[in-house]
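>>> sharing a model that was predicted from the sequence below.
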Amino acid sequence: MHFRIVFVCLLSLNLFLSACSQIIVDVPSHEEEWDQPTNTGVKNALLNAKQLVSINYTPVNELLIVNGEFSPMREVTGLVYSSSRAEDLFCPNNVSLWTFMSSLYNPQSYLYTKNVTMPPYSIRGLVGSYYGQVCSAFVRYALGIKYQFEIYQMTVWDGFDKVEPQEIDGVRLGDILTSESSQHTRLVTGIHRKEGHVFELAISEGMYPCAIEKTYPVSDVLNSMHNKGYVLYRYRYIDSTQHIQSPFVYVGEETPVYNYGFSDYHIMPKRGDKANWRKDEKVIVDVLNRDGFSDYLVYKDNSLVKKESIPESNCIDLGIMPYGDYRMCLSNDLTNSEFVYWIVADYSVNAENTGSRTAKVTFASNNATPLWLTWRTPVNYNSINNDMPYWTEVISEKNINDGYIVTELDQFIANKYKLDTWSFKVAFSTKYGIITSDFVEVDNFCL
């Protein structure tokens, strides 16, 4: 009798403890957790940023970077930083990762041999390699924004809203921290909370020497907001951000799907594979491995336009070429090598002063589409503070059909610099990326 009572009591106690344990498991814990993306667009923005901070590559020659160089045959993680503004060779926004990675395998490519640390390439000093990313290009790529703009414009660009109130606990994944005074912008890619309050933030950013993601205690972020002028912004259209898997870096749950095999290529243009070439520059292709081939073949718009013997120098200078879509391979009597591809872009731009702070900019192209125009101070302008303003205007479909855009000098810029001469260039898009014209000066722009 006593045994039965004890047994029943023990059984009841075990059932009670088991029920309590189940209750504890089912109640969500708010003590410590990392925020998760609220929708596919936010997830895609984080994946885009992860591509740039995670990509691995091994230079085959000395690669110049800001304040130094990367040694040959040493693996690098994170896309290299370089403010390659003279030709706007920002990667992967204007120059694709395909072009960047293919040029890495050619020790004589412009990525290694073109000195862009001197004028006209080096405008603000933060230039190293021929291709590279900067902080604003990093954020634009992550958020899927194709148009180029400056830090100053980010605060007024359509779609960027200042977060109100500026309280750190209100931060969301994909928010942007921007400082006009520091001329820097960063992306929030991780939020660690304790008891519902932000404890740490993972920040991804384009900076030198390479793009990185780093976790900071919330106190560091608050200090940067207080002392360095960082302000939280939110991109209104982040829900529409797209992500495309890259063959060079796998993020999230992606698995390898393609072997690009650049190490086996026999030829490579100085700018890399699938690149845009300016209409006024010589197209030069390096022979990396003859491998029994004797000739090279050049096709323009699918028609054979050149067949010649491979020169002993292993450097094929094709000269200035007519605009068009090109491909090239090596050949012998039995077979051909792989093809490499490029486009010689055709474009023309001009401008006339049409009144106080306004100008009519005309543009035309046979194989490229105008996207935007960028204004800046005159090419020979030197600021004591190395401060050179840029601002961008989008070229609309109507502007393209009209062949011109009437543009007005930004009021803030006009009042600050009070210059009569300004310069502009136009960005054009092809299937291989974005290429920009030379700067054109407009006199008496502010009169």
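In hand now; what should we look at?

>>> now do the helices in the stretch 301-447 of the chain.
397-402, 411-417 (DSSP state H, counting those that start in this stretch).

>>> one more: the stretch 51-200 of the chain?
97-104, 110-113, 135-143, 151-154.

>>> burial measure for the nearest residue to residue 305 once chain neighbours are set aside, as a count.
Nearest in space to residue 305, with sequence neighbours left out and distances taken as C-beta to C-beta, 6 or more residues apart in numbering, is residue 298 at 5.6 Å. Glycine gets a C-beta too; all of them are placed from N, C-alpha and C. When counting by other C-beta atoms under 10 Å, one arrives at 19 neighbours for residue 298.

>>> list the contacts of residue 110.
103, 130, 270-271 (C-beta atoms under 8 Å, 6 or more residues apart in numbering).

>>> one more time with 6 Å
130, 270-271 (C-beta atoms under 6 Å, 6 or more residues apart in numbering).

>>> ok, residue 267 next?
285, 287, 340 are the contacts of residue 267 under C-beta under 6 Å, 6+ apart.

>>> what's opposite it in the beta bridge?
residue 287 (DSSP bridges).

>>> next one: residue 212
With DSSP bridges as the criterion, residue 212 is bridged to residue 205.

>>> quickly name whichever of the contacts of residue 267 is closest to residue 225.
residue 340 (47.6 Å; C-beta to C-beta).

>>> give me the neighbour count for the closest one.
As a burial measure, residue 340 scores 21 neighbours (other C-beta under 10 Å).

>>> distance of it relative to residue 269?
Residue 340 sits 6 Å away from residue 269, going by C-beta to C-beta, to the nearest Å.

>>> what's the answer for residue 183, then?
Using C-beta to C-beta, we find residue 183 at a distance of 34 Å from residue 269.

>>> domain assignment for the protein?
Using automatic domain parsing, the domain ranges for the chain come out as 40-240, 266-344, 348-442.

>>> a markdown table for those domains, including mean pLDDT and distance to residue 251?
Formatted as a markdown table, those follow (pLDDT from 0 to 100; distance: least, C-beta to C-beta, whole Å):
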| stretch | mean pLDDT | distance to residue 251 |
| --- | --- | --- |
| domain 40-240 | 90 | 4 |
| domain 266-344 | 97 | 22 |
| domain 348-442 | 82 | 22 |
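
>>> okay, the ones you listed, which one's buried deepest?
For these, average neighbour numbers computed from mean count of other C-beta atoms under 10 Å are highest in domain 40-240, which has a mean of 19.

>>> and that one, how far out from the chain middle?
Chain-centre distance of domain 40-240: 7 Å, with C-alpha atoms, centre = their mean, to the nearest Å.

>>> can you give me the end-to-end distance of it?
For domain 40-240, the first-to-last residue distance is 8 Å (C-alpha to C-alpha, to the nearest Å).

>>> and what of stretch 273-284?
Across stretch 273-284, first to last residue, C-alpha to C-alpha, it's 12 Å.

>>> contacts for it, please.
Contacts of stretch 273-284 (C-beta under 6 Å, 6+ apart): 98-99, 102, 270, 317-321, 340-346, 430, 432-433, 435.

>>> mind checking which of the residues you listed are in strands?
317, 340-344, 430, 433, 435 (DSSP state E).

>>> now render the residues you listed as CSV, adding distance to residue 351.
Converted to CSV, the ones in strands among the contacts of stretch 273-284 look like this (distance: C-beta to C-beta, whole Å):
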residue, distance to residue 351
317, 34
340, 36
341, 33
342, 29
343, 25
344, 24
430, 23
433, 25
435, 19
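
>>> of those, which is the nearest to residue 252?
residue 433 (24.8 Å).

>>> you'd agree that closest one is up against residue 91?
No - with contact defined as C-beta atoms under 6 Å, residue 433 does not count as touching residue 91 (9.0 Å).

>>> and stretch 136-153, how far apart are its ends?
10 Å.

>>> what do you get for stretch 66-82?
7 Å.

>>> stretch 240-250 now?
21 Å.

>>> quick check: beta-bridge partners of the spatially closest residue to residue 352 that is not a sequence neighbour?
Using C-beta to C-beta, 6+ apart and skipping residues adjacent in sequence, the residue nearest residue 352 is residue 360, 5.3 Å away. Taking DSSP bridges as the rule, residue 360 bridges to residue 352, residue 406.

>>> list the contacts of residue 360.
352, 354, 404, 406.

>>> who touches stretch 304-317?
284-287, 295-298.

>>> change it to 7 Å
With C-beta atoms under 7 Å, 6 or more residues apart in numbering as the contact definition, stretch 304-317 has outside contacts at 282, 284-287, 290, 293-299, 330.

>>> same thing with stretch 162-170?
Residues from elsewhere that reach stretch 162-170, judged by C-beta under 7 Å, 6+ apart: 175, 197-198, 218, 221-222, 231-234.

>>> check stretch 32-47 too.
By C-beta under 7 Å, 6+ apart, stretch 32-47 touches 142-143, 173-174, 189-194, 238-243, 251-252.

>>> repeat that for 6 Å
142-143, 173-174, 189, 191-194, 238-243, 251-252.

>>> same question for stretch 210-226.
Stretch 210-226 is contacted from outside by 52-53, 78-80, 138, 168, 198-204, 230, using C-beta under 6 Å, 6+ apart.

>>> recalculate using a threshold of 8 Å.
49-50, 52-53, 76-81, 133, 138, 166, 168, 177, 179, 189-190, 192, 198-205, 230-232.

>>> tell me where the stretch 201-350 of the chain has strands.
212-217, 231-235, 267-269, 275-277, 284-287, 295-300, 303-309, 315-317, 324-331, 340-344, 348-355 (DSSP state E, counting those that start in this stretch).

>>> run through the residues that contact the closest residue to residue 206 other than its chain neighbours.
Using C-beta to C-beta, 6+ apart and skipping residues adjacent in sequence, the residue nearest residue 206 is residue 138, 3.1 Å away. Residues counted as contacts of residue 138 (C-beta under 8 Å, 6+ apart) are 49, 52, 185, 187, 204-206, 211.

>>> thanks a lot, see you next time.
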